[in-house]
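A.B. asks: Sequence first, then the predicted structure, then my questions.
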Amino acid sequence: MTARRSPLANACYRRLFGAQVIALVGTGLTTVALTLLAYDLAEENAGAVIGIALALKMVVYVFGAPVITALATRVPRRGLLVTLDLLRAGSVVAMPFVTEVWQVYLLIVVINACSAGFTPTFQATIPDVLEDEPAYTRALSLSRLAYELEALASPALAVALLTVLPYDGLFAANGLAFVCSAALVLSATLPARRPAPATDSWWARLTFGTRRYLATPRLRGLLALNLAVAAASATVIVNTVVYVRDEFGRDAGDVAWAFGASGAGAMAAALLLPHLLRHVSDRSAMLTGGLLLAAGLALAALLDDFAGLLGVWLALGVGLSLVQTPSGLLVRRSGSTHERPALFAAQFSLSHACWLVTYPIAGVVGSTLGLAATAWLLAAVAAIAVALAARAWPAPPPLTASKVAAR
């Protein structure tokens, strides 16, 4: 009975989860505000400004996470998380005062460098707060739900705020959100870091997480599945508007319905996963999710109406959640407490490296060869990635009845 208590019953986790939700909503508001700021600064070149800003974000995520994690090895994590939140707050509040595009790029680098340090540290802290694995599994589901709900709610909230505030107010709201997040983290009593063994050099500290990640079979499998996730995510994020507006001639409101279908599938899977993982292995669930992504992308190549798009996007959302939600379990099981920050940083970095590859494919190939060819190409990428994952991550021995019950 104790093992099935909600993770929200833990006061420390409850505050950390609150900090995560508030920061996510604030970041969603800034995404809308950044688009409007780019238009004010660059007008007809606004699309290029946004594209470069997003590319900078991905590059900083890929290279920043291991560097910041290595630098902060011995820094108390509560102080580190609070400092990074406050730096993010200061950076977004400064956005309305920029007058040149290069200043936007500079602030984007600072904000996302802080996020590249904050997110893996935050993710590595949760397993220490929730040492019971079933509770941690439910916490992962809550985290996935928070991400999906933010994607659905933030645009609507931004529209509501823009009826009474200039878009500069969205930056201020995000700054306030980061300050509230910092206050919640500061109010939580986090488990102390366990001392890490001394390493030989800066290079050893910098590369430890990636080396350990790539030496672990289940994490090599996760890396391959990250590529399948990136292929599907790129299709949904980059090409939904093209399918809806250009292919099917629907209005802008139907773009939101399409994103909503993907989000609904992801949320349904996240809600069911804690129960599902008591009966099947995480490997089975995640490989099934990967196969669903490959199949969904293949079906995307054959779409001929909006109703079909909604069904395929719903399935892709389920597949994305089946792969992404349990990923924290794999990282948690793959290292000791002092190794987890580096492993979570490696997961953060390598997964975003996959997106850095698939986003341009979805956009450039889609605009040159068409949506069907792009979907077939990304379906092939996802299918190969799932095959590589199954090969890299050997199946565990069959569980006995007592072990299944214990899960």
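C.D. replies: Arrived safely.
A.B. asks: hey, let's count contacts and neighbours off CA atoms from now on
C.D. replies: Fine.
A.B. asks: contacting residues around stretch 319-334?
C.D. replies: 123-124, 127, 136-137, 140-141, 144, 216, 218-219, 222, 225-226, 229, 232-233, 265-267, 269-270, 273, 282, 285-293, 340, 343-344, 347 (C-alpha atoms under 8 Å, 6 or more residues apart in numbering).
A.B. asks: swap the cut-off to 7 Å and go again
C.D. replies: For stretch 319-334, the external contacting residues (C-alpha atoms under 7 Å, 6 or more residues apart in numbering) are 127, 140-141, 144, 218-219, 229, 266, 269-270, 282, 285-286, 289-290, 292-293, 340, 343-344.
A.B. asks: Likewise for stretch 150-170?
C.D. replies: With C-alpha under 7 Å, 6+ apart as the criterion, stretch 150-170 contacts 24-25, 28-30, 33, 96, 260.
A.B. asks: export it as PDB, just CAs?
C.D. replies: Output of stretch 150-170 as PDB, limited to C-alpha atoms (Å, rounded to 0.1, in the frame of the first residue of the first chain):
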ATOM      1  CA  GLU A 150       1.700  23.100 -20.900                       C
ATOM      2  CA  ALA A 151       1.800  22.600 -24.700                       C
ATOM      3  CA  LEU A 152      -2.000  22.800 -24.800                       C
ATOM      4  CA  ALA A 153      -2.600  25.500 -22.200                       C
ATOM      5  CA  SER A 154       0.200  28.000 -22.700                       C
ATOM      6  CA  PRO A 155      -0.900  29.300 -26.100                       C
ATOM      7  CA  ALA A 156      -4.500  29.800 -24.800                       C
ATOM      8  CA  LEU A 157      -3.200  31.500 -21.700                       C
ATOM      9  CA  ALA A 158      -0.900  33.700 -23.900                       C
ATOM     10  CA  VAL A 159      -3.900  34.700 -26.000                       C
ATOM     11  CA  ALA A 160      -5.900  35.600 -22.900                       C
ATOM     12  CA  LEU A 161      -3.100  37.700 -21.400                       C
ATOM     13  CA  LEU A 162      -2.500  39.500 -24.700                       C
ATOM     14  CA  THR A 163      -6.100  40.800 -24.600                       C
ATOM     15  CA  VAL A 164      -5.100  42.900 -21.500                       C
ATOM     16  CA  LEU A 165      -1.300  43.200 -21.700                       C
ATOM     17  CA  PRO A 166       1.300  44.100 -24.400                       C
ATOM     18  CA  TYR A 167       3.400  41.100 -25.400                       C
ATOM     19  CA  ASP A 168       6.200  42.500 -23.200                       C
ATOM     20  CA  GLY A 169       4.000  41.400 -20.300                       C
ATOM     21  CA  LEU A 170       4.500  37.800 -21.300                       C
END
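A.B. asks: quick one: buried residues of that stretch?
C.D. replies: For stretch 150-170, burial by neighbour count (16 or more other C-alpha atoms under 10 Å) applies to 150-152, 154-155, 158, 161, 167-170.
A.B. asks: Filter those residues down to the ones in helices?
C.D. replies: Assigned to helices by DSSP state H, the following of these qualify: 150-152, 154-155, 158, 161, 168-170.
A.B. asks: of all the buried residues of stretch 150-170, which two lie farthest apart?
C.D. replies: L152 and D168 (21.4 Å; C-alpha to C-alpha).
A.B. asks: any idea of the mean pLDDT in the lengthiest helix in the chain?
C.D. replies: Counting residues, the longest helix found in the chain (DSSP H) is helix 11-42. Mean per-residue pLDDT for helix 11-42: 84.
A.B. asks: 475 is where my numbering starts, stick with that
C.D. replies: I'll keep to 475 as the first residue from here, and by that count the last item is helix 485-516.
A.B. asks: need the next SSE after that helix, C-terminal direction.
C.D. replies: helix 520-545 (DSSP states H and E).
A.B. asks: any idea how far that following helix is from the chain center?
C.D. replies: 14 Å (C-alpha atoms, centre = their mean, to the nearest Å).
A.B. asks: again with stretch 578-586
C.D. replies: The answer for stretch 578-586 is 19 Å, by C-alpha atoms, centre = their mean.
A.B. asks: TSV please, covering the buried residues of stretch 624-644 and showing pLDDT and distance to A857.
C.D. replies: Below are the buried residues of stretch 624-644 laid out as TSV (pLDDT from 0 to 100; distance: C-alpha to C-alpha, whole Å):
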residue	pLDDT	distance to A857
E624	77	29
A625	74	27
L626	74	29
S628	74	33
P629	71	33
A632	77	37
L635	81	42
Y641	79	42
D642	85	44
G643	87	44
L644	85	40
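A.B. asks: How is this protein partitioned into domains?
C.D. replies: 482-610+620-667, 680-881 (automatic domain parsing).
A.B. asks: For the ones you listed, which has the smallest mean pLDDT value?
C.D. replies: domain 482-610+620-667 - the lowest mean pLDDT of the domains of the chain, at a mean of 86.
A.B. asks: still on that earlier bit, out of the ones in helices among the buried residues of stretch 624-644, which is nearest to L560?
C.D. replies: L644 (16.8 Å).
A.B. asks: How much space separates that closest one from F592?
C.D. replies: L644 sits 22 Å away from F592, taking C-alpha to C-alpha, to the nearest Å as the criterion.
A.B. asks: cool, T547 as well?
C.D. replies: Taking C-alpha to C-alpha, one finds T547 at 13 Å from F592.
A.B. asks: Among these two, which residue is more densely surrounded?
C.D. replies: F592 (23 against 18; other C-alpha atoms under 10 Å).
A.B. asks: most centrally placed residue in this protein?
C.D. replies: By C-alpha atoms, centre = their mean, the chain has its centre lying nearest to Y621, at 7.6 Å.
A.B. asks: in which helix or strand would I find it?
C.D. replies: helix 607-636.
A.B. asks: Now do that helix and helix 485-516, the angle between them.
C.D. replies: 40 degrees (axes from the mean of the first three to the mean of the last three C-alpha atoms, to 10 degrees).
A.B. asks: and helix 607-636, how far out from the chain's middle?
C.D. replies: With C-alpha atoms, centre = their mean, you get 11 Å for helix 607-636.
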